[in-house]
Structures are given as C-alpha cells and as structure tokens.
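*Asks:* one predicted model, sequence on top.
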Amino acid sequence: MRSRELDPGASPLDYYGYELRRCREAAGLTLAQLGSIVFCTGSLIGQIETAAKVPQRDFSERVDAALGTDGLFSRLVGLVLRSQLPGWFQPYAEMEGRATYISTYQSQVVYGLLQTQEYARAVLGAPQPATLGELVAARMERQRVLRKEKPPLVWVVLDEAVLNRPMGSREVMRDQLAHLLSFRDQRRVKVQVLPFSAGEHPGLPGAFNLLRFGDDPDIVYTEDFIQGHMTANPDTVSEGWLHYDQLRAAALSVRDSAQLIAHVMEERYGEQPERDASAVA
C-alpha cells in the first residue's frame, strides 16, 4: 500500500504516516535523504509513511527537528503509541494521564509507571505477543505522566512477592529494584512494601488502582484475565479507599520499604560468582 492511499482519519498511525509523507515531500526530500538526516534508513521512513511500522518518540523528535514541524510529530506519537495499547486498556490510560493522585496495590508485578523498559519487556512478553516492541514503547510512553510540569502524586503498595518474583534475567530484576529505590527521595512518588508477615489483608482478591482528579469523581480500576474494569460508583470507590488505607497501614513505612528492597536486591539479585562447571557431575 502506498502512503497516498492512507486514510488519515482511519487511525492515529495512519494520520502520522500521512502527515510524515506530506511534510517530507513539502520539504523536497526523498526517503533516503530524510533517513540520512534522522539517522535511519529510507526503508524505515517508507514503512512509517505506509503505517506498516510504529514510530518511536526519539524518531519523532528527530523528524520535527529535521523538517521544522514545530513539535507536530512529537505530539502525534503520543496518540500513536497509546493506540497500540489493548483497546480495553486505552480508556484507563487516558484517565491515568489526567489524574492528580494515583494509588495502586500490586500483588504480582511492579506498577507499569515504575517499570524499567527491560522489566516491562519481560512482563509483556509472557504471552509472546507479535507487537511486543510496540507494547513496551506504549508502556514507556505512559510514564511521561511522571515528568509533566505538574505530575500526579503516585502512591504504590507492592506485595513483597513482587520483589522476589523473577521477571527476565537477574540483571533485569536487579535494575528494576534499583529503579524502585531511585524514587525514595522523590516527593511525588512513594513506594511501600506489604510484607509477608502482614498475613491476611484486603488486597488478597488482587491488584487495584484508585484515581483522583481535580474536579471529576474518583475512579477505581481492576483487571481480570480478559480485560479491565473502571467505575466511579461511589460505594465501590469508597470501599476501594477503605481497603487501600488498610493496606497502607499494614505495609512497611516508605523508609523501611526501601531498606527491604535494597536487602532483596543484594541478597537475591546481587552479583554472585559463576558456578564451577567442573563441579557439576
């Protein structure tokens, strides 16, 4: 399919490709010429122009600089990457981006906004999706909410099992735990660990998120193995906050949680000498 056949209204990806070709041709550049300027192949440019390839943020920023498009593609790429998220998850991602206060309890994996790229690749790669690269890029794009001029307050309670569950290699886990520790001195991101010693607790049914906004009603979000569920029902939201307050009270303090994360990182995922192959029977 040639890019001139794209319907720019079909999807954010189609619109991006349509605009990229239009702006490139207006600048009088061939595919190869633009590729050499933005440090990629003309073939890649062509794939993006025909919506066969999903653009990345760094590519979009280089294209804006090369074509003088005043941030057009840097703005469009956010919509493109969000469109790569599962359809059922996109409404939550949009609400997450608008929230002023995000509270989450996670029992299995690190919350998406705090995941490293390689940890996210391990988590999202478990079912081996064909679009793994695009899904990882979309998850990293979600994290831009933490770098807004006025970012939300993010409060995360992680079950201790999350720290001990191997995802990817030892290096991936070590880097992920180090990333969690990097938030310990940040005012707007707080991480607590719910220790095994807490025993039974309100989070046993599974992970859930609570979103608070400036003017709109609070929202509670949960997932099952098929899709996500979001509601602003006052009774459900009130119950969600009650459960979350109980989880925070049962969890270790932010300081003690950081100490536990550091301990697990050293004891479980720290550098260890290679096994002596000659000792193996």
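*Replies:* In hand now; what should we look at?
*Asks:* got any ranges where the stretch 51-200 of the chain has weak pLDDT?
*Replies:* Across the stretch 51-200 of the chain, no stretch falls below the confidence threshold (pLDDT under 70).
*Asks:* how about the strands in it?
*Replies:* Taking DSSP state E, counting those that start in this stretch as the test, the strands found in the stretch 51-200 of the chain are 101-106, 153-159, 189-194.
*Asks:* so can I have JSON lines of those showing mean neighbour count and distance to Gln56?
*Replies:* C-betas here are computed from N, CA, C, even on glycine. Below are the strands of the stretch 51-200 of the chain laid out as JSON lines (neighbours: other C-beta atoms under 10 Å; distance: least, C-beta to C-beta, whole Å):
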{"stretch": "strand 101-106", "mean neighbour count": "22", "distance to Gln56": "25"}
{"stretch": "strand 153-159", "mean neighbour count": "22", "distance to Gln56": "24"}
{"stretch": "strand 189-194", "mean neighbour count": "22", "distance to Gln56": "25"}
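*Asks:* among those strands, which is nearest Asp218?
*Replies:* Distances from Asp218 to each of these were compared using C-beta to C-beta; the minimum, 8.7 Å, belongs to strand 101-106.
*Asks:* still on that earlier bit, take the strands of the stretch 51-200 of the chain and write them to TSV, including distance to Ala258.
*Replies:* As requested, the strands of the stretch 51-200 of the chain are exported to TSV (distance: least, C-beta to C-beta, whole Å):
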stretch	distance to Ala258
strand 101-106	17
strand 153-159	12
strand 189-194	7
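*Asks:* quick one: closest of the ones you listed to Asp256.
*Replies:* strand 189-194 (8.0 Å).
*Asks:* and Arg22, what does it touch?
*Replies:* The contact partners of Arg22, taken as C-beta atoms under 8 Å, 6 or more residues apart in numbering, number zero.
*Asks:* ditto for Asp216
*Replies:* With contacts defined as C-beta under 8 Å, 6+ apart, Asp216 is in contact with Ala232.
*Asks:* ok, Leu153 next?
*Replies:* By C-beta under 8 Å, 6+ apart, the contact set of Leu153 is 100-102, 188-190.
*Asks:* one more time with 10 Å, if that's ok
*Replies:* Leu153 makes contacts with 99-103, 187-190, 212, as judged by C-beta atoms under 10 Å, 6 or more residues apart in numbering.
*Asks:* distance of it relative to Ile102?
*Replies:* Going from Leu153 to Ile102 by C-beta to C-beta, to the nearest Å gives 7 Å.
*Asks:* where do the contact lists of the two overlap?
*Replies:* Common contacts of Leu153 and Ile102, defined by C-beta under 10 Å, 6+ apart, comprise 189, 212.
*Asks:* circling back: columns distance to Gly133 on top of the contacts of Leu153, output as a markdown table?
*Replies:* Shown next, in a markdown table, are those (distance: C-beta to C-beta, whole Å):
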| residue | distance to Gly133 |
| --- | --- |
| Ala99 | 27 |
| Thr100 | 32 |
| Tyr101 | 32 |
| Ile102 | 26 |
| Ser103 | 30 |
| Arg187 | 33 |
| Arg188 | 30 |
| Val189 | 27 |
| Lys190 | 31 |
| Arg212 | 33 |
